[in-house]
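Asks: need a structure here:
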Amino acid sequence: MSENKGSFYITTAISYVNGSPHLGHAYEAILTDVMARHKRLDGYQTYFLTGTDEHGQKVAKTAEKQGLQPRELCDKIAAEFEAQTGTLNISNDDFIRTTEERHYKASQAIWNAIKENNPDDIFLGKYDGWYSVRDEAYFGESELTDGPDGTRLAPTGAPVEWVEEPSYFFRLSAYADKLLDHYAKNPGFIQPDSRRNEIISFVKSGLQDLSISRTNFKWGVPVPDNPDHVMYVWLDALTNYITGVDYPDTGSKKFQTFWPADFHVIGKDIIRFHCIYWPAFLMAAGIELPKAVFAHGFINVEGQKMSKSVGNVIAPSDLLRDFGLDATRYILMREVPHGQDGNFSQSHAVQRINSDLANGLGNLAQRTLSMIAKNCDAKVPACGKLTESDQALLAHAYEKLVPGLRSEFDTFRFNRGLESIWKLVDAANVYIDEQAPWGLKKTDPARMATVLYVLAETIRCLAISVQAIVPGAAEKILDQVVAAEDQRLYAHISKDYALKPGTDLPVPEGVFPRIQLEEAA
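Replies: Numbers count the residues shown, from 1 in each chain. Below you'll find the predicted structure:
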């Protein structure tokens, strides 16, 4: 059975290649991956894009400092990001690099589409203003603060420099009312709501025309018909989302199936570019807008923002070393609230992993399957007449599990969705303690078999439900209960696909090792 509910297209922000991957990149990749896996499990034809942003003055300067050509730096760092998708078990369907020929073609095509659809929206002028190389953004005088030694600082704390050069401009000022109208008609376009209010306020304060080309460096996509200019990084970078679905070939099957995107998943620091510039570019080019932009928060460590000077920077490899991949994925999704900043605490992470994974789902599966192996000839036990307690547990699995997680996962409330799933884990652990199948072997072996069957079937349903979060461990559990490989979608959490008594089971193995605090520390 493979139910197709329609298409679903999701993207991460593309990662800038002036530095190696860090925990923030890993968090965004996992966050987006969980949603992509969730939608696949729910029967959607899903397309998931991630990649790297490789142009701009910052890349050129970083390469120069390292004695490299820009392309050499890009190849080196992009390879690290692409390798991380494998390390984190990210299920992306494509990895876009903005230095690819297909992206040059797409970026120049959207430029031309804007000019053809709205000839006055791109015009040549002169830019003079404050520019941050680190942010790849221009800032107004009112947004700046004074730094040490007479420097001026952007709101991010990055130094700005005064730039004067010829530039093509995009007439962003003409799109304020159109954007506000779109936000009003599509209240889910900007998520969560707190970000939406921030963007609406910014647009209402007035939009300035936007510089979209540079001439003081050459590392970028050449402007069509005027290669002395290269595209301003945001018009180039944002276009990756349609490059990935074959733009400018809007008649392609991929474009027709997946555009407009369902979600652009980004960090809150780049929401302005995605919720103001990007929709305005698309409006001007005559291209349908994405359905939603979800801006997530940042991860603090032990209550503080990650900082080299503080000494609390955590690399993804640190978590993988201490906890393993699935537990790392679990803790990041469990501990970061919807769209808000999250806090990582080593001691709390260990407690959560041991409580939820090792002692919760892991122990439930291990002791149930071990009892079946020992007392039921390593076969799915026979199921006799069900009591009210049996029926209640199975009804929870069949009727409440998927609706509960779906209502939360569909809106990126993964922490609350996991709470919903773990209600069944807790219920199953209470059930096994109350039924005490280990004591039934001598007094009522048929009842023991029924209890163990109910538990094994509940474990099957739980393992299907957690595949988006802990795909490796979930697969191992499903293999141990011999769930058919083509029956592991949410739709298969049903009595119609229940375990078949008498089926041979493999030797059970634990899937969530207990973390020792002293070892992790």
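Asks: Next, count neighbours for Lys253.
Replies: Applying other C-beta atoms under 10 Å, we find 10 other residues in the vicinity of Lys253. Placement of C-beta: from N, CA and C, glycine included.
Asks: could you pull out the helices for the stretch 401-521 of the chain?
Replies: All helices of the stretch 401-521 of the chain, identified by DSSP state H, counting those that start in this stretch, fall at 401-409, 414-435, 440-443, 445-465, 471-480, 517-520.
Asks: Which residue is the nearest non-sequential neighbour of Asn300?
Replies: Distance criterion C-beta to C-beta, 6 or more residues apart in numbering; nearest residue to Asn300, sequence neighbours excluded, is Asn343 at 4.9 Å.
Asks: contacting residues for that neighbour?
Replies: If you count contacts by C-beta atoms under 8 Å, 6 or more residues apart in numbering, Asn343 has them with 299-303, 335.
Asks: Any idea which helix or strand in this structure has the lowest mean pLDDT?
Replies: Scoring the helices and strands of the chain by mean pLDDT, DSSP states H and E places helix 517-520 at the bottom, with a mean of 52.
Asks: low-scoring pLDDT stretches of this structure, where are they?
Replies: The model of the chain has pLDDT under 70 over residues 1-3, 307-311, 517-521.
Asks: and Pro381, helix, strand or coil?
Replies: Look at Pro381: counting by DSSP: H, G, I helix; E, B strand; the rest coil, its state is coil.
Asks: and Ser7, backbone torsions?
Replies: In this entry, Ser7 is assigned phi and psi values of phi -100, psi 160 (degrees, to the nearest 10).
Asks: how near is it to Arg40?
Replies: Taken as C-beta to C-beta, to the nearest Å, the spacing of Ser7 relative to Arg40 amounts to 11 Å.
Asks: Need the overlap of contacts for the two.
Replies: Taking C-beta under 8 Å, 6+ apart as the contact definition, Ser7 and Arg40 share the neighbouring residues Thr46.
Asks: Enumerate every residue touching Val59.
Replies: Residues in contact with Val59, defined by C-beta under 8 Å, 6+ apart, are 16-18, 70, 73-74, 219.
Asks: Among those, which lie within strands?
Replies: Within the contacts of Val59, residues falling in strands by DSSP state E are Tyr16.
Asks: Which one (most neighbours) among the contacts of Val59?
Replies: Neighbour counts for the contacts of Val59 were taken using other C-beta under 10 Å; the highest belongs to Val17, which has 28 neighbours.
Asks: excluding its backbone neighbours, what's nearest it?
Replies: Nearest residue to Val17, sequence neighbours excluded (C-beta to C-beta, 6+ apart): Ile77, at 3.9 Å.
Asks: got it, and Glu475?
Replies: Glu475 sits nearest to Gln467 (C-beta to C-beta, 6+ apart), 7.3 Å away.
Asks: For the one you found, give its distance to Trp422.
Replies: According to C-beta to C-beta, Gln467 stands 15 Å off from Trp422.
Asks: which of these two has more neighbours?
Replies: It is Gln467, of Gln467 and Trp422, that has more neighbours when counted by other C-beta under 10 Å, with 22 against 17.
Asks: So the more buried one sits against Ala474, correct?
Replies: Yes. The pair Gln467 and Ala474 qualifies as a contact (C-beta atoms under 8 Å) at a distance of 4.2 Å.
Asks: re the thing from before, now the residue nearest to Asn300: which helix or strand?
Replies: Assigned by DSSP states H and E, Asn343 belongs to strand 342-344.
Asks: Adjacent strands (with direction) for that strand?
Replies: Each strand that strand 342-344 pairs with, and the sense of that pairing, follows from DSSP bridges: strand 299-301 (parallel).
Asks: quick one: contacts for Asp326?
Replies: Taking C-beta under 8 Å, 6+ apart, we find Asp326 in contact with 357, 469-473, 511-512.
Asks: The same query, at a cut-off of 7 Å, please.
Replies: Under the criterion of C-beta atoms under 7 Å, 6 or more residues apart in numbering, the contact partners of Asp326 comprise 470, 472-473.
Asks: Could I get those residues in a markdown table, plus columns for distance to Gly324?
Replies: Formatted as a markdown table, the contacts of Asp326 follow (distance: C-beta to C-beta, whole Å):
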| residue | distance to Gly324 |
| --- | --- |
| Val470 | 10 |
| Gly472 | 9 |
| Ala473 | 9 |
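Asks: If we only consider those, which is nearest to Asn92?
Replies: Gly472 (16.6 Å; C-beta to C-beta).
Asks: The closest residue in space to that closest one that isn't next to it in sequence: which element?
Replies: Closest residue to Gly472 apart from its sequence neighbours, by C-beta to C-beta, 6+ apart: Asp326 at 5.1 Å. Counting by DSSP H and E, the element that carries Asp326 is helix 325-335.
Asks: buried stuff in that helix?
Replies: For helix 325-335, a neighbour-count test (16 or more other C-beta atoms under 10 Å) marks 325-335 as buried.
Asks: and which of those is nearest to Ile287?
Replies: Distance ranking of the buried residues of helix 325-335 against Ile287, using C-beta to C-beta, places Met333 first at 32.5 Å.
Asks: and the residue nearest to that closest one when sequence neighbours are not counted, how many neighbours does it have?
Replies: In space, Met333 comes closest to Phe414 once its chain neighbours are excluded; the distance is 4.3 Å by C-beta to C-beta, 6+ apart. If you count neighbours by other C-beta under 10 Å, Phe414 ends up with 25.
Asks: now swap in Gln304 and tell me
Replies: Counted with other C-beta under 10 Å, residues neighbouring Gln304 total 11.
Asks: my guess is it meets Val313, correct?
Replies: No. Here Gln304 lies out of contact with Val313, judged by C-beta atoms under 7 Å, at a distance of 10.6 Å.
Asks: Give me the three-state assignment for Phe169.
Replies: Here Phe169 takes the strand state, with states given by three-state DSSP.
Asks: May I have the phi/psi pair for the spatially closest residue to Phe169 that is not a sequence neighbour?
Replies: Leaving aside its chain neighbours, Phe169 sits nearest to Asp209 (4.7 Å; criterion: C-beta to C-beta, 6+ apart). Backbone geometry at Asp209, expressed as degrees, to the nearest 10, gives phi -60, psi 150.
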